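> how would this look folded up:
(one chain, ligands or ions: 1)
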Amino acid sequence: MIGTLYLVATPIGNLQDISFRALETLKTVDVIACEDTRHTQKLLNHYSIKNRLVSYHAHNETQRAAELAEMLKTGKSVAVVSDAGTPAICDPSFRIVELAQEIGARVVPIPGAVAFVNALIVSGLPTDSVFFGGFLPSKKSERICRLEEVKEIPATLVFYETPHRIEKSLGDCLEILGNRKAAVARELTKLHEETIRGSLQDLVGIFAAKPTKGEIVLVIEQFRVSNFKFQISDDQTLTARIGELEKEGVDHKTALKKAAKEFGLSKSEAYRIVQSQKAK
Ligand code: SAM
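Numbering: from 1, shown residues only. Predicted structure coming up:
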């Protein structure tokens with residue numbers, strides 16, 4: 001009979017945030033595949049669990065997944081854990097899940113902590129529609145492109161961030177998404193847990209003034225036209241704003257670009273709107 005693959009969620013900080021079922025699974029499987037054996041050993045020691053650990057991380061995922069699949073084929077049970085939270089959420093496990101399905105093994109989730117869900121529920125922002133974007137790219141140009149892509153998604157946006165990038169990312173979010181409400185949740189479930197709420201502009205100021213440490217989730221309000229300084233309304237149309245800028249001596253191309261930014265539009269969207277307003 002083919003074995004079972006368990007995807008076991010572990011704590012994101014506080015060691016007590018683990019289910020009875022997760023502990024029972026970690027005790028009884030034939031092998032636990034984990035990102036960092038020393039890290040997971042601490043969790044096992046805390047709960048007096050003795051079991052075999054093998055490393056399974058981004059750098060050996062393909063080869064190790066094949067070995068784990070061979071074990072499943074011989075009827076052995078395998079648990080996958082990550083350093084924190086739920087495996088597969090910005091962590092390895094995709095390859096072994098794929099292989100397990102190919103060989104007909106059962107794949108069973110053992111639910112528990114996920115950092116972005118906990119950040120979301122303390123953010124104070126709507127939770128009815130949510131877009132989780134994983135980590136924002138580390139390169140500024142790619143980050144800007146990504147933010148442009150997600151700008152108009154009608155959902156609360158959630159991203160993982162690192163302490164050394166948060167200030168720059170907040171600045172880029174302000175520039176591309178407009179001055180939305182946001183929250184930075186830091187060190188959730190740990191000693192220095194805090195959630196800082198404010199507008200993106202407030203948060204840029206806060207993080208510029210004080211370098212930060214620890215693990216971070218960024219939560220941002222969903223797209224609304226009112227996130228931008230100017231709104232398309234009868235008394236302030238895009239065309240009128242372009243006209244104003246031109247009267248101030250700005251050339252048409254630059255005026256279109258500037259007005260587009262003020263209205264929270266891309267240049268091509270602004271161009272289309274101006275053309276349709278001319279046609280009326
Ligand atoms: N698998 C994990 C999960 O279920 O959330 C995510 C792993 S990802 C490699 C690590 C990122 O998750 C961190 O850089 C941070 O953005 C976020 N994170 C993990 N633990 C956190 C915590 N205690 N507080 C805030 N963010 C956390």
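> going by C-alpha atoms from here, please, whenever you check contacts or count neighbours.
Noted.
> mind telling me what element Tyr160 is part of?
strand 156-161 (DSSP states H and E).
> wait, I meant Glu175
Secondary structure from DSSP H and E places Glu175 in helix 166-177.
> show me what that helix is packed up against.
helix 140-150, helix 200-209 (3 or more CA pairs under 8 Å, 6 or more residues apart in numbering; DSSP states H and E).
> tabulate those helices (CSV), appending mean pLDDT and mean neighbour count.
Shown next, in CSV, are these (pLDDT from 0 to 100; neighbours: other CA atoms under 10 Å):
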stretch, mean pLDDT, mean neighbour count
helix 140-150, 97, 14
helix 200-209, 95, 17
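> quick one: closest of the ones you listed to Ile273.
helix 140-150 (18.5 Å; CA to CA).
> packing partners of the closest one?
Going by 3+ CA pairs under 8 Å, 6+ apart, helix 140-150 lies up against helix 166-177.
> residue at max distance from the center of this structure?
Distance from the C-alpha centroid of the chain, by CA atoms, centre = their mean, peaks at Lys247 (43.6 Å).
> how far away from the center of its chain is stretch 155-165?
Relative to its chain's centre, stretch 155-165 lies at 6 Å (CA atoms, centre = their mean, to the nearest Å).
> buried residues, that stretch. List them.
Ala155, Thr156, Leu157, Val158, Phe159, Tyr160, Glu161, Thr162 (16 or more other CA atoms under 10 Å).
> which of the residues you listed sits closest to the ligand?
Tyr160 (3.6 Å; CA to the nearest ligand atom).
> give me the beta-bridge partners of that closest one?
Phe135, Val217 (DSSP bridges).
> residues from the stretch 101-250 of the chain in reach of the ligand?
114-116, 160-162, 185-189, 215-217 (CA under 6 Å from any ligand atom).
> of those residues - the most surrounded one?
Using other CA atoms under 10 Å as the neighbour criterion, Val217 leads these with 27 neighbours.
> give me the pLDDT value at that one.
Reported pLDDT at Val217 in the predicted model: 98.
> the one 10 residues further on too?
If you check Asn227, the pLDDT there is 59.
> same question, Leu43
So, for Leu43, pLDDT stands at 98.
> now do the same contact list for it.
Leu15 (CA atoms under 8 Å, 6 or more residues apart in numbering).
> and for Val78?
Val78 sits next to Gly3, Thr4, Leu5, Tyr6, Val29, Asp30, Val31, Ile32, Ala33, Leu68, Met71, Leu72 when contact means CA under 8 Å, 6+ apart.
> again, but for Ile176
By CA under 8 Å, 6+ apart, Ile176 lies in contact with Ile144, Leu147, Glu148, Lys151, Gly264.
> what do you get for Ile49?
Ile49 touches Leu26, Lys27, counting by CA under 8 Å, 6+ apart.
> quick one: it and the ligand, what's the gap?
22 Å (CA to the nearest ligand atom, to the nearest Å).
> which SS state does that residue fall under?
The assignment at Ile49 comes out as coil when based on DSSP: H, G, I helix; E, B strand; the rest coil.
> distance of it from Thr254?
Here the criterion is CA to CA, to the nearest Å. By it, Ile49 lies 66 Å from Thr254.
> same check on Glu67?
59 Å.
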